[in-house]
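Participant: what's the 3D shape of this:
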Amino acid sequence: DAAVAGLLSGLVEEAPWPDRLARAVALSAAAVRSPVAGEFDRAVYDEVLAGVEVTEHPAAA
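Facilitator: Now for the predicted structure:
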């Protein structure tokens, strides 16, 4: 659910695909680290998002 939410937020804001994917990863990680289902820690999200690097796979080029 968190990954889909991250992708959809980027879609709504018309963000490029690498940003959408980074949001999905960061939001998923922040949701997993939350002790309550359906919630996420914004500080964890921001920290993870800053460290996510999306690169194109050579076979996809």
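Participant: Now do the same for the longest helix along the chain: mean pLDDT, whole number.
Facilitator: Longest helix in the chain, counting residues (DSSP state H): helix 17-32. The pLDDT scores in helix 17-32 average 95.
Participant: Centre of the chain to that helix, how far?
Facilitator: Offset of helix 17-32 from its chain centre (CA atoms, centre = their mean, to the nearest Å): 1 Å.
Participant: And for stretch 54-61?
Facilitator: Per CA atoms, centre = their mean, the centroid offset for stretch 54-61 relative to its chain is 18 Å.
Participant: Check stretch 38-53 too.
Facilitator: How far stretch 38-53 lies from its chain's middle: 8 Å, per CA atoms, centre = their mean.
Participant: May I see the buried residues of it?
Facilitator: Buried positions in stretch 38-53, judged by neighbour count with 16 or more other CB atoms under 10 Å: 40, 44-45, 48-49. All C-beta atoms are positioned from the backbone trio N, CA, C, and that covers glycine.
Participant: rewinding a little: buried residues in the longest helix of the chain?
Facilitator: 19-31.
Participant: distance between the ends of stretch 8-25?
Facilitator: 13 Å (CA to CA, to the nearest Å).
Participant: neighbouring contacts of it?
Facilitator: With contacts defined as CB atoms under 8 Å, 6 or more residues apart in numbering, stretch 8-25 is touched by 2-4, 6-7, 48-49, 52-54.
Participant: any chance of these in a markdown table, with distance to residue 35, secondary structure and pLDDT too?
Facilitator: Shown next, in a markdown table, are the contacts of stretch 8-25 (distance: CB to CB, whole Å; DSSP: H, G, I helix; E, B strand; the rest coil; pLDDT from 0 to 100):
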| residue | distance to residue 35 | secondary structure | pLDDT |
| --- | --- | --- | --- |
| 2 | 15 | helix | 92 |
| 3 | 19 | helix | 94 |
| 4 | 21 | helix | 94 |
| 6 | 20 | helix | 92 |
| 7 | 24 | helix | 94 |
| 48 | 17 | helix | 96 |
| 49 | 20 | helix | 96 |
| 52 | 23 | coil | 96 |
| 53 | 28 | coil | 95 |
| 54 | 28 | coil | 95 |
